[in-house]
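[1] Turn this into a model:
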Amino acid sequence: MKIAVIGTGYVGLVSGLCFAKIGHDVICVDNNPDKIAQLENGQIPIYEPGLKEILDEAVKNQKIFFTTDLSAAVQESEAIFIAVGTPQDQDGSADLSYIFAAAEQIAQNINGYKVVVTKSTVPVGTNFEVEKLIQKTSPKARFSIASNPEFLREGCAIEDFMKPDRIVVGVKDQKAQEIMTKIYEFFVNDYPLIFTDIISAEMIKYAANSFLAAKICFINEIADLCEKVGGNIKEVSKAIGLDSRIGEKFLNPGPGFGGSCFPKDILALENIAKNNNTNLSLISSTIKSNSARKLQMVDKIINAGGGNVSGKNIAILGLAFKANTDDIRYSPAITIVKELLKKGAKIQAYDQEATKNSQAEIGQNNNISYFENSDDAILGCEILVICTEWQEFKDLDLKKVKNLMKGNVIVDLRNMLDESEVRNSDFEYVGVGF
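    Next up, the predicted model:
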């Protein structure tokens, strides 16, 4: 099929390229000419493992094209996916201005029956607002709306698209369902294709992310209790994760969740509930718990440094909110760095992908230095802190680390290292939950 994807951010670009990979003819549209030029030159503006290879293949097979011309993309396509940003407003609600701007431009250029699909994460009722806007702008337009929420994890997005747990599509009519079935025909024999009403599809994305966020906060709080009573969170997590009703994923304690989805989505869900006079006390508690978690990790580092980090050199390994991405949005590591700087610490930071974004976020500060490899970041530090679960940190050569460090304290906020091995190498080891 001929598909247009409006927006070449994370969701739009991954979706567009994967649609091309499964055989559709895809036009990716963005109003940023520099980004389009970059993509036309074979450069990926985000870091996502494997995406460059898919781009090269799609271009070679002439399955994908990039343009700033939205009108032509709409007119040439049978289905139009809206994948623009929905940033968080000050009150926690989602800013839908980009969604409605895209919908209005679609309406102005409809030249036949189209399915207008919202791929962006949007509050309940947004698709009906899109429908009304298109009808108002172009009363004679023939179209259907659909909601197709994405479930892409940064760092694993291609696998998540190509091997989905489920594909959720909300529709209003049979014709839209037939077209969406055709778009996802590649998957129907192997993966669940679930059709729902529009409202339920919108709710599914928020509910899924909020549940996972709550699960993370739950295991973090159980880890805190383990530290108080002498339990071991690794053993607790393993045992409860074997319960099929619970599952093992998202049971690793750490410095809290971040990224572009969980923090924004739970705040948006809380806002939706407030607007509908519904109390989501668990979601509200999750938001508070995660905010407090990042500051708890700062205290853990300060305590490991003897109660004072002023003037101390601290190596921070990892700045992205998780491994295999350069995304630092709501990253616990960034919060930790900012708070340690306030306490007078001298930061020696390293992340293999997120340094540039981190520099822009943290800004100028004479007490932070960024390094191009972990050895240089560790050199001369008194405390080493692992904030992000990059594989290279799990594979640290402890003998080399010992020679590089001035001190001997390792704070492992991801429980990546083997505690006994670290202690046997004459380090003081501080993990999470034991």
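
[2] Which element, helix or strand, includes Leu27?
    For the record, residue 27 is Ile, not Leu. strand 25-29 (DSSP states H and E).

[3] Run through the neighbouring helices and strands of the helix or strand following that strand.
    The helix or strand immediately downstream of strand 25-29 is helix 33-40, counting by DSSP H and E. Applying 3 or more CB pairs under 8 Å, 6 or more residues apart in numbering; DSSP states H and E, we find helix 33-40 packed against strand 64-67. Using the backbone N, CA and C atoms, a C-beta is placed for each residue, glycine as well.

[4] residues in contact with the helix or strand that the strand it packs on is followed by?
    For strand 64-67, the succeeding helix or strand toward the C-terminus, using DSSP H and E, is helix 70-76. The contact list for helix 70-76 (CB atoms under 8 Å, 6 or more residues apart in numbering) reads 2, 4, 6, 27, 29, 31, 67, 80, 102, 105-106, 108-111, 114.

[5] What strands flank the helix or strand that comes right after helix 70-76, and is each parallel or antiparallel?
    Under the assignment DSSP H and E, the closest C-terminal helix or strand after helix 70-76 is strand 79-82. Strand 79-82 sits in its sheet next to strand 2-6 (parallel), strand 114-118 (parallel), going by DSSP bridges.

[6] number of nearby residues for the nearest residue to Asp351 once chain neighbours are set aside?
    In this structure, Asp351 finds its nearest non-sequential neighbour in Leu319, 3.9 Å apart by CB to CB, 6 or more residues apart in numbering. By the criterion of other CB atoms under 10 Å, Leu319 has 29 neighbours.

[7] any idea how far Leu319 lies from Ile386?
    Separation of Leu319 from Ile386 (CB to CB, to the nearest Å): 12 Å.

[8] Next: Glu421.
    14 Å.

[9] And for Phe143?
    Distance, Phe143 to Ile386, using CB to CB: 50 Å.

[10] higher neighbour count, these two?
    Using other CB under 10 Å as the criterion, Phe143 and Ile386 rank with Ile386 on top: 25 against 19.

[11] my read: that one touches Val401, true?
    No: the criterion here is CB atoms under 8 Å, and Ile386 misses it with Val401 at 11.1 Å.

[12] anything in contact with each of the two?
    Ile410.

[13] Packing partners of the strand holding Ile27?
    Strand 25-29 packs on strand 2-6, helix 10-21, strand 64-67, helix 70-76, going by 3+ CB pairs under 8 Å, 6+ apart.

[14] What is the burial count for Asn366?
    Using other CB under 10 Å: Asn366 sits among 7 other residues.

[15] part of a helix, is it?
    No: going by DSSP: H, G, I helix; E, B strand; the rest coil, the assignment for Asn366 is coil, not a helix.

[16] State the distance from it to Tyr98.
    Per CB to CB, Asn366 is found 37 Å from Tyr98.

[17] cool, Gln135 as well?
    Using CB to CB, Gln135 is found at 20 Å from Tyr98.

[18] Between those two, tell me which one has more neighbours.
    Tyr98 (19 against 13).

[19] Need the three-state assignment for the more buried one.
    Here Tyr98 is recorded as helix under three-state DSSP.

[20] Leaving out the residues flanking it, which one is nearest to it?
    Val84 (4.0 Å).

[21] got it, and Gly344?
    Ser310 (3.4 Å).

[22] Just the pLDDT for that neighbour.
    Looking at Ser310, its pLDDT is 97.

[23] Likewise for the one 4 residues further on?
    Predicted confidence (pLDDT) for Ile314: 98.

[24] for the chain, what spans make up the strands?
    2-6, 25-29, 64-67, 79-82, 114-118, 143-147, 167-171, 193-196, 313-317, 346-350, 368-370, 383-386, 409-412, 428-430 (DSSP state E).

[25] Adding distance to Asp56, write the ones you listed out as CSV.
    Shown next, in CSV, are the strands of the chain (distance: least, CB to CB, whole Å):
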stretch, distance to Asp56
strand 2-6, 18
strand 25-29, 15
strand 64-67, 10
strand 79-82, 22
strand 114-118, 26
strand 143-147, 30
strand 167-171, 26
strand 193-196, 29
strand 313-317, 32
strand 346-350, 29
strand 368-370, 30
strand 383-386, 34
strand 409-412, 38
strand 428-430, 44
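
[26] one step back: from the contacts of helix 70-76, list the buried ones, please.
    For the contacts of helix 70-76, a burial check counting by 16 or more other CB atoms under 10 Å picks out 4, 6, 27, 29, 31, 67, 80, 102, 105-106, 109-110, 114.

[27] hmm, which helix or strand of this structure has the shakiest average pLDDT?
    Within the chain, confidence by mean pLDDT, DSSP states H and E is lowest for helix 262-275 among all helices and strands, at a mean of 93.

[28] counting contacts, what elements does it pack onto?
    Helices and strands touching helix 262-275, by 3+ CB pairs under 8 Å, 6+ apart, are helix 198-229, helix 281-304.

[29] Strand 313-317 and the shortest one, what's the angle between them?
    Computed with axes from the mean of the first three to the mean of the last three CA atoms, to 10 degrees, the direction of helix 281-304 lies at 140 degrees from that of strand 313-317.

[30] Just the C-alpha atoms of helix 281-304, please, in PDB.
    The C-alpha trace of helix 281-304 is given here as PDB (Å, rounded to 0.1, in the frame of the first residue of the first chain):
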ATOM      1  CA  SER A 281      -4.500   7.100  43.400                       C
ATOM      2  CA  LEU A 282      -2.100   4.400  42.200                       C
ATOM      3  CA  ILE A 283      -1.000   6.500  39.300                       C
ATOM      4  CA  SER A 284      -0.500   9.600  41.400                       C
ATOM      5  CA  SER A 285       1.600   7.600  43.900                       C
ATOM      6  CA  THR A 286       3.700   6.300  41.000                       C
ATOM      7  CA  ILE A 287       4.500   9.800  39.900                       C
ATOM      8  CA  LYS A 288       5.500  10.800  43.400                       C
ATOM      9  CA  SER A 289       7.500   7.600  44.000                       C
ATOM     10  CA  ASN A 290       9.500   8.000  40.800                       C
ATOM     11  CA  SER A 291      10.300  11.700  41.500                       C
ATOM     12  CA  ALA A 292      11.500  10.800  44.900                       C
ATOM     13  CA  ARG A 293      13.500   7.900  43.600                       C
ATOM     14  CA  LYS A 294      16.000  10.000  41.800                       C
ATOM     15  CA  LEU A 295      16.700  12.100  44.800                       C
ATOM     16  CA  GLN A 296      17.100   8.900  46.900                       C
ATOM     17  CA  MET A 297      19.900   7.800  44.600                       C
ATOM     18  CA  VAL A 298      21.600  11.100  45.100                       C
ATOM     19  CA  ASP A 299      21.500  10.500  48.900                       C
ATOM     20  CA  LYS A 300      22.800   7.000  48.300                       C
ATOM     21  CA  ILE A 301      25.900   8.400  46.500                       C
ATOM     22  CA  ILE A 302      26.400  11.100  49.100                       C
ATOM     23  CA  ASN A 303      26.300   8.500  51.900                       C
ATOM     24  CA  ALA A 304      28.700   6.300  50.000                       C
END
